[in-house]
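Enquirer: Need a 3D model of the sequence below.
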Amino acid sequence: MKTLTPYKINKEQFRDYVASRMFNDDTQEEDERELINYVVERFKAEYLFPQNLIRYKTIQKCLEEWLRGLPSCLGIDFYNGDIINIYKAMEVGEVGFEELLEEEQEYMLNSYWKFVSYSLNEIYLKHNQATIF
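Expert: Alright, predicted model coming up:
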């Protein structure tokens, strides 16, 4: 297997980005704990069914797939150009996004949904002392 170029983004900055994109139109809630609980409850109600667990094998993969459907409680960016701009704004280390090979850039774009799911899990853990997955 080919070794990927060591590309890194600031995880705390990315988590803050995800946290800033959570919302509840019903209540206009702004408390992060209430918002993450709302997002997780929506995920469970809308997507976490036995059939999806069989199809995707893990709760994390189910969460990634749910995120790809652009749930209305998360205003996260989803266009490749916007994702690239997010990565560029949060780069740490010596290697920039533009310096990656095409397949490495594609890998990073595909990993976006995993990064969002990890960030949601970290936010949930911070407020509930439990994880989503």
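
Enquirer: quick one, strands of this protein?
Expert: 8-9, 91-92 (DSSP state E).

Enquirer: between the ones you listed, which gets nearest to Val39?
Expert: Comparing those by their distance to Val39 (Cβ to Cβ), the top pick is strand 8-9, with 21.4 Å. In short, each C-beta sits where N, CA and C put it, glycine included.

Enquirer: Most tightly packed of the strands of the chain?
Expert: Greatest average neighbour count among the strands of the chain goes to strand 8-9 (a mean of 16), per mean count of other Cβ atoms under 10 Å.

Enquirer: List the buried residues of stretch 27-45.
Expert: Under the neighbour-count criterion of 16 or more other Cβ atoms under 10 Å, stretch 27-45 has Leu35, Ile36, Asn37, Tyr38, Val39, Val40, Arg42, Phe43 buried.

Enquirer: okay, which residue is most central for this protein?
Expert: In the chain, the centroid-proximal residue (Cα atoms, centre = their mean) is Val116; its distance is 0.8 Å.

Enquirer: quick revisit: out of the strands of the chain, which gets nearest to Cys62?
Expert: strand 8-9 (24.0 Å).

Enquirer: returning to that earlier point: could I get the strands of the chain as JSON lines with mean pLDDT?
Expert: Shown next, in JSON lines, are these (pLDDT from 0 to 100):
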{"stretch": "strand 8-9", "mean pLDDT": "93"}
{"stretch": "strand 91-92", "mean pLDDT": "94"}
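
Enquirer: Which one of those lies nearest to Leu109?
Expert: Per Cβ to Cβ, nearest to Leu109 of the strands of the chain: strand 8-9, 12.5 Å.

Enquirer: ok, residues contacting that closest one?
Expert: Under the criterion Cβ atoms under 8 Å, 6 or more residues apart in numbering, residues Tyr87, Met90, Glu91, Val92, Gly93, Val95, Phe115 lie in contact with strand 8-9.

Enquirer: Right, I'll leave it there.
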